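Asker: generate coordinates for the sequence data below:
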Amino acid sequence: MRNKPLINNIHWACGALLSALSVASIAAPLDEVRLRQRGDVVLATIKLTTPVHFLRYVLGAKSRIGEIYYDRIPSSNSKEAWTDQEVRKVAATRLTPAFTVTTRDQAIQPKLLVEFASAINFSISPGADNRSFVITMKPLASTAPRISNKSLPLLPTVLPPIIDRTGGTTVENNNLAYKHMLAGRDALSAKDYPGATNAFNKLLLLPPNQYSQDAQEWVGVARERDAQIAKAKAEYKLYLKLYTNEPAVSRVKQRLAGLAAPVASTRMGKANRRIKPRSFVQGGVSSRYYFGQSSLDTTYQWNNTSQTTNYAFKDQSSLISNVDAIARYVNDEYDNRIVLRDINTKNFLPKQVDRNRIYSAYIEMKNRKADYSARLGRQTTDGGGVMGRFDGLSASYGSAQQLRVNAVAGQLVDFTNYTQPVFYGMSVDMGPVSVYLVNQTLDGILDRRALGSEFRYFEGKQTAYAAVDYDIYFNVLNSATFNGSMGVESTGTTYNFVADFRKSPSIGTRNALNGASTTSIAALQAAMTEADLKQLALDRTGSSSFSQFGATQKLNSTWQLGGDIKLSQTSGLPASGTTALQGIMVATPDTGLEKTITAQLIGSNLYSDADITSMGASYITSSYVQNGQSIFVYNRTSLNRELYFDSSWNYYAQTDTYGGSMARHMPMVRVTYQVAQRISLDADLGAELTTSSGTFQSSKNTRIFGSMGFRWDF
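Answerer: Numbering: from 1, shown residues only. From the prediction side, this is the model:
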């Protein structure tokens, strides 16, 4: 039995390698990238498949390259390792160059690499939820919408508020409305049409006051200037229903008639040009071969003598191919699409199986004029209480800014051998607030019934997202999260924060199957009362909490300094199960509080319009890690528009509470060559050198790994 530590060490090393590299657990983090225009800027929303927390981005300004750094929320389906080198390519528009979004370093320091075909002014911020980022691109003046750049021939006249001494409420309303009216006028003058719309809408939400009539007219003007033609018409029509006094009515009628005329402006700044019906296919195909070779030397004491064992083995040999295709049909009224995203894995190691996983496969129909949309197939949603990927139908009707009703139904897909739950739900969006109700069953047995709400705020450099999910069947809080960011333009400082609590895994009757000898929840229910089944599920459901605060300070036009403090903890589980069918699980302890402090220095465009250099360090402590430090250095260089070099070095060392120590070096290089406009080749090579020592043994692990592949964009 004295060689048990050796056996455990070998099993741990091999298991860690294979679990980290197992293609069975690889998932696609990128969902989609969509463009929209707002005023004289173009917004690109990058949607991810699970919740993340925005940290910082590499300085934008006029450049061809940017990076978005983020952390994955620890409890968000962490069993799936996100893949690197996943790409979404966005075609050029009349206002913006083509660009690509690529996942990088998901296991070490997750980030997205954003690369433009030509330099452009841009900035990056978190999106309106906890799984998206927004790139704000400012086109060159020569290509910006013409009508948005013209000054208004006149601005609203804002007279001082009338003092009504008969009641304080009127005075307060008029004073507050006066402030909103001034803000709207100033925003119009600055051509900030979204800001003007927001100010006038705030005024119109007040009780009727001195400025209500003017605000109703000028909110229509703001929307018209922002090229929101349908909404501008609605505002003008509402004005004509509410008010009859001249000459304002004639003026509004003239504006409304002008929108119906052929010379009315559109979102792209042209005369009211009909969108020519067109259909097209875009996407990409990539294939990469991954290889890895490890050797493990372990020295231990046996019969009072020192002995060393050597193991060498190939730990990875696989070909992973990816298809990302979108077929679209667009006209004046519809924007319809068919989406397919598939990852095929061919394993060449013994006893490893091949896998093909379809991550998205759906048909979507969207009617812009009637404000309805529907999506059928394998998909992920933006919220509504649905926990992950599913096969089914989602539909919505109405405007998210006013009132939108959503419905969803389907079956979850988590790529396991267990029976997948079936669910249905409804939600209502009212401006920034959403409420939802979801019912979920498994084999006809109630699995989950949740009531939840989401709040989204997105205004310039300030964002906030909050969500609560409460299970009314188990009567427990399933999850609560709050995150956001705030930018202070005068100082060049950006703050970000997140606080997240959730059951892990998400609460559900099916959690009773964890550790059971059956995969059927019906078999468990047949042998237990409903109350006992619920309690078993609760006993096998832990909880995790995660919080983080960070700040980024712009030092000059090329350098910025960032720092983060992160706290996380996972609860233990009590002993559970009394029969072989239920599975007898021993109690597991709490992980304790893990604390991480990180500092990062990032430079961009130091010697070209597409180079990035970053370096960072972290300090980690937990109930297991007594002292942990890591150092990370990275550089990306583009010699020309065809050849790119990436190099990095990662160092990590720790001492644990049991007297052991470990140190790991991991250098890596990558070369990418753009063969043609739509074809690229790349290869990378890295090494992982790990040494560890403990009371009974020490080991040295050397691993060489790499990959090579191609991508074709069509």
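Asker: mind showing which ranges of the stretch 201-350 of the chain have poor pLDDT?
Answerer: 260-275 (pLDDT under 70).
Asker: next one: the chain
Answerer: 1-28, 39, 60-61, 74-81, 140-153, 163-169, 260-275, 382.
Asker: helices of that one, start to end?
Answerer: Secondary structure of the chain, counting by DSSP state H: helices at 4-21, 146-149, 168-189, 193-204, 212-225, 229-242, 248-260, 521-526, 530-539.
Asker: select, out of these, the one closest to Ile620.
Answerer: helix 4-21 (17.5 Å; Cβ to Cβ). For glycine as for every other residue, the C-beta is placed from the backbone atoms N, C-alpha and C.
Asker: got the helices of the chain as CSV, with distance to Gln37 columns?
Answerer: Putting these into CSV (distance: least, Cβ to Cβ, whole Å) gives the following:
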stretch, distance to Gln37
helix 4-21, 42
helix 146-149, 10
helix 168-189, 18
helix 193-204, 11
helix 212-225, 13
helix 229-242, 13
helix 248-260, 18
helix 521-526, 49
helix 530-539, 48
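Asker: the ones you listed: which one's closest to Leu437?
Answerer: Closest among these, using Cβ to Cβ: helix 530-539, at 19.8 Å.
Asker: buried stuff in the closest one?
Answerer: Leu533, Lys534, Leu536, Ala537, Leu538, Asp539 (16 or more other Cβ atoms under 10 Å).
Asker: so who does Ile507 touch?
Answerer: Arg448, Asp471, Phe474, Val476, Asn478, Ala537, Leu538, Thr541 (Cβ atoms under 8 Å, 6 or more residues apart in numbering).
Asker: please report the distance of the third one from Ile73.
Answerer: Counting by Cβ to Cβ, to the nearest Å, the gap from Phe474 to Ile73 is 22 Å.
Asker: need the residues that contact stretch 655-665.
Answerer: 623-628, 649-654, 687-695.
Asker: put the buried members of these into a ChimeraX selection.
Answerer: Of the contacts of stretch 655-665, the buried ones can be selected in ChimeraX as follows, counting by 16+ other Cβ under 10 Å:
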select :625,626,628,649,650,651,652,654,688,690,691,692,693,694
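Asker: next one: phi and psi at the most centrally placed residue in the chain?
Answerer: With distances taken as Cα atoms, centre = their mean, the residue of the chain nearest its centroid is Arg131 (2.5 Å). Backbone torsions for Arg131, taken as degrees, to the nearest 10, come to phi -140, psi 30.
Asker: quick check: it touching His53?
Answerer: No: applying Cβ atoms under 8 Å, one finds Arg131 not in contact with His53, separated by 10.1 Å.
Asker: okay, and the beta partners of Gln560?
Answerer: Beta-bridge partners recorded for Gln560 (DSSP bridges): Lys554, Ile602.
Asker: now for it: which residues touch it?
Answerer: Contacts of Gln560 (Cβ under 8 Å, 6+ apart): Arg56, Val58, Leu59, Thr552, Gln553, Lys554, Leu601, Ile602, Gly603.
Asker: mind redoing it with 10 Å?
Answerer: Residues in contact with Gln560, defined by Cβ atoms under 10 Å, 6 or more residues apart in numbering, are 56-59, 492-494, 552-554, 600-604, 614.
Asker: and what of Asn174?
Answerer: Pro160, Pro161, Ile162, Ile163, Asp164, Met181, Leu206, Asn209, Gln210, Tyr211.
Asker: any of the contacts of Ile507 buried? List them.
Answerer: Arg448, Asp471, Phe474, Asn478, Ala537, Leu538, Thr541.
Asker: pretty sure the second one contacts Asn511?
Answerer: No: using Cβ atoms under 10 Å, Asp471 is not in contact with Asn511; the gap is 11.5 Å.
Asker: any shared contact partners between these two?
Answerer: Asp447, Arg448, Lys503.
Asker: re earlier: so who does the residue nearest to the centre of the chain touch?
Answerer: By Cβ under 10 Å, 6+ apart, the neighbours of Arg131 are 29, 31, 46-52, 73, 76, 380, 382-383, 465.
Asker: do Asn478 as well
Answerer: Asn478 touches 385, 387, 448, 450-452, 468-471, 501-503, 506-508, 541, 543, counting by Cβ under 10 Å, 6+ apart.
Asker: repeat for Leu555
Answerer: If you count contacts by Cβ under 10 Å, 6+ apart, then Leu555 has Leu59, Gly492, Leu561, Leu601, Ile602, Gly603 around it.
Asker: one more time with 6 Å, if that's ok
Answerer: When contacts are counted by Cβ atoms under 6 Å, 6 or more residues apart in numbering, Leu555 touches Leu561.
Asker: how about Ala128, phi and psi?
Answerer: According to degrees, to the nearest 10, Ala128 has phi -80, psi 0.
Asker: that one - how many residues pack around it?
Answerer: 20 (other Cβ atoms under 10 Å).
Asker: with Lys351 instead?
Answerer: 5.
Asker: same check on Val435?
Answerer: Val435 has 15 nearby residues by other Cβ under 10 Å.
Asker: ok, Ser123 next?
Answerer: Neighbours around Ser123, by other Cβ under 10 Å: 18.
Asker: that one against Ile135, yeah?
Answerer: No: the criterion here is Cβ atoms under 6 Å, and Ser123 misses it with Ile135 at 7.6 Å.
Asker: mind listing what the closest residue to Gly377 other than its chain neighbours touches?
Answerer: Among residues not flanking Gly377 along the chain, Tyr362 sits closest, at 3.0 Å (Cβ to Cβ, 6 or more residues apart in numbering). Applying Cβ under 6 Å, 6+ apart to Tyr362 gives the contacts Val339, Arg375, Gly377, Gln379.
Asker: strands - which of those residues land there?
Answerer: Val339, Arg375, Gly377, Gln379 (DSSP state E).
Asker: any idea what the first one is bridged to?
Answerer: By that I understand Val339. Ile326, Tyr362.
Asker: quick one, what contacts it?
Answerer: Val339 touches Ile326, Ser360, Tyr362, counting by Cβ under 6 Å, 6+ apart.
Asker: which ones are touching the first one?
Answerer: By that I understand Ile326. Taking Cβ under 6 Å, 6+ apart as the test, what Ile326 contacts is Gln282, Gly283, Arg337, Val339.
Asker: ranking by neighbours, what's the top pick from those residues?
Answerer: Going by other Cβ under 10 Å, Val339 tops the contacts of Ile326 with 22 neighbours.
Asker: report the separation between that one and Val669.
Answerer: In terms of Cβ to Cβ, Val339 sits 34 Å off from Val669.
Asker: among the ones in strands among the contacts of Tyr362, who's most crowded?
Answerer: Ranking the ones in strands among the contacts of Tyr362 using other Cβ under 10 Å puts Gln379 first, with 24 neighbours.
Asker: roughly how far apart are it and Glu32?
Answerer: 10 Å.
Asker: and what of Arg278?
Answerer: Counting by Cβ to Cβ - Arg278 and Glu32 are separated by 20 Å.
Asker: neighbour count: those two, which is higher?
Answerer: Glu32 (19 against 9).
Asker: is that one in a bridge, and if so with what?
Answerer: Under the criterion used (DSSP bridges), Glu32 bridges to Lys47.
Asker: that one reaches Ile46, doesn't it?
Answerer: No: the pair Glu32 / Ile46 is not scored as a contact, 8.1 Å apart, by Cβ under 6 Å.
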